[in-house]
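# From the sequence below, what's the structure:
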Amino acid sequence: MIGRWWENRTNRVQSAGPLAEIQTPPRAGVLSCRVLDPVNEPVAHAAFAVSDAMGRKVVSGGTDPFGSFVATVPVGEYRLTVSADGYTPYLTSTVVEENSLASLGDVMLEVAQLPELPRAGDWEIEPTHSSIGFTARHIGLARIHGRFNSFAGAVRIGIPMERSAMHVVIDAASIDTNVALRDDHLRSADFLDVERFPTLEFYSERFVHKGGTRWAVTGGLTLHGVTRTITLDTEYLGLGNGMEGEVRAACRATTELHREDFTVSWQTMLARGIAVVGPSIEIELDVQIVQKE
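Next comes the predicted model:
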């Protein structure tokens, strides 16, 4: 990692210039940084996290369109982490003094070595080490966490990777929120109606590289007899070996579904008009695939 530090790391907050308007509370100072790529272009929306000497996160967020961030923090010692897709994370420490500017100057991120892509050919989801989970709001307050316990899928890795395709089939009746009465209701005609629609299916032939380890996998999801186009925001985690030496590829993916898009519009209301189940559902996938023999 390369970091060019300003000559005075803890200059007083100046009485003129853009920092003149920053009002620091008692026993506080200002921490700043500008994040650049290897050709000195600003890295917008890079993620930063500032932790104190005990490892507790004090402030976090993203850089502005010019790759900069400025934060007011209590006096003390801090550890800063800066990360962005496709780059190696940058770690450093600094001290913030009262009514002073602790500037890290220009921090240059190094391009990360991308993980090796899976070999072209036919692969299949390994269900023992994969999961399909979801999160929904309950009566507008608590969050319900659930999963589907039974699913299968195949992935055809193309050359290049953008020509890949996948097909996943989920057993609708395998929905599990750890509450039997609720699960029976979710299987009923009010929601998934598993007798009429026993499976959920996703098929995609559109793999788009978004930079670094990020991919967008777009395809058709068929749920409750309705097909809609969705995109999985996917992070490719690389290759590894299983217990028997077989090569595995892994990824994480997320998306958000809206019940009414799939005509799952049951709206039984409790007192005060609060919907029992919220309108959107967050989907989270952790997937490992193994190559077919």
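
# how far away is Glu116 from Arg214?
Remark: distance between Glu116 and Arg214 (Cβ to Cβ, to the nearest Å) = 16 Å. In short, each C-beta sits where N, CA and C put it, glycine included.

# Compare the two (neighbour count), which wins?
Arg214 (14 against 10; other Cβ atoms under 10 Å).

# Could you report the neighbour count for the residue lying closest to the more buried one once chain neighbours are set aside?
The shortest distance from Arg214 to any non-neighbouring residue, by Cβ to Cβ, 6 or more residues apart in numbering, is to Asp85 (5.2 Å). Asp85 has 15 neighbouring residues, counting by other Cβ under 10 Å.

# in which helix or strand would I find the residue positioned nearest the centre of the chain?
Note on the chain: the residue nearest the mean C-alpha position is Thr254, at 6.8 Å, using Cα atoms, centre = their mean. For Thr254, the host element (DSSP states H and E) is strand 247-258.

# Likewise for Ser103?
Assigned by DSSP H and E, Ser103 belongs to strand 100-108.

# again with Val82
Val82 belongs to strand 76-83, assigned by DSSP H and E.

# pLDDT of that strand, averaged?
Strand 76-83 shows a mean pLDDT of 94.

# I'd like the next helix or strand past it.
strand 90-96.

# List the buried residues in the strand holding Val82.
78-80, 82-83 (16 or more other Cβ atoms under 10 Å).

# What of stretch 89-97?
Going by 16+ other Cβ under 10 Å, stretch 89-97 has these buried residues: 90, 94, 96-97.

# And stretch 95-107, by the same measure?
96-97, 99-104, 106-107.

# cool, and stretch 216-231?
217, 219, 221-224, 230.

# Show me which of these is closest to Ile159.
Distances from Ile159 to these, taken as Cβ to Cβ, are shortest for Val217 (17.2 Å).

# does the closest one really touch Leu232, like I thought?
Yes: with contact defined as Cβ atoms under 8 Å, Val217 reaches Leu232; the gap is 4.3 Å.

# Residues that sit against both of these two, list them.
Here Val217 and Leu232 have 204, 253 as joint contacts, going by Cβ atoms under 8 Å, 6 or more residues apart in numbering.

# other SSEs contacting the strand holding Ser103?
strand 2-4, strand 10-12, strand 28-36, strand 90-96 (3 or more Cβ pairs under 8 Å, 6 or more residues apart in numbering; DSSP states H and E).

# The strand holding Val82: how far from the chain's middle?
The chain centroid and the centroid of strand 76-83 are separated by 21 Å under Cα atoms, centre = their mean, to the nearest Å.

# so where's the stretch 101-250 of the chain shaky on pLDDT?
In the predicted model of the stretch 101-250 of the chain, residues 137-142 satisfy pLDDT under 70.

# quick one: the helices in it?
180-187 (DSSP state H, counting those that start in this stretch).

# out of everything not next to it in sequence, what's closest to Ala249?
Nearest to Ala249 is Pro118, by Cβ to Cβ, 6+ apart, at 4.1 Å.

# Now that that neighbour has come up, it's in contact with Gln291, right?
Yes: using Cβ under 8 Å, Pro118 makes contact with Gln291 at a distance of 7.4 Å.

# if you count what's nearby, which of these two comes out ahead?
Pro118 (22 against 17).

# which residues sit in contact with that one?
Pro118 neighbours (Cβ under 8 Å, 6+ apart): 157, 239, 247, 249, 289, 291.

# All the strands of the stretch 151-293 of the chain, in order from the start?
151-157, 165-171, 175-176, 199-211, 214-223, 226-241, 247-258, 277-291 (DSSP state E, counting those that start in this stretch).

# And those: which comes nearest Thr135?
Here strand 277-291 is closest among the strands of the stretch 151-293 of the chain (Cβ to Cβ), at 4.5 Å.

# What average pLDDT does that closest one get?
87.

# So what angle separates the directions of it and strand 199-211?
70 degrees (axes from the mean of the first three to the mean of the last three Cα atoms, to 10 degrees).

# Give me the sheet partners of strand 277-291 and which way each runs.
strand 121-125 (antiparallel), strand 131-138 (antiparallel), strand 247-258 (antiparallel) (DSSP bridges).

# Need those strands in CSV (columns: distance to Val70).
Formatted as CSV, the strands paired with strand 277-291 follow (distance: least, Cβ to Cβ, whole Å):
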stretch, distance to Val70
strand 121-125, 45
strand 131-138, 34
strand 247-258, 30
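
# about what we covered before: I'd like to know which of the buried residues of stretch 89-97 is nearest to Pro25.
Val96 (12.4 Å).
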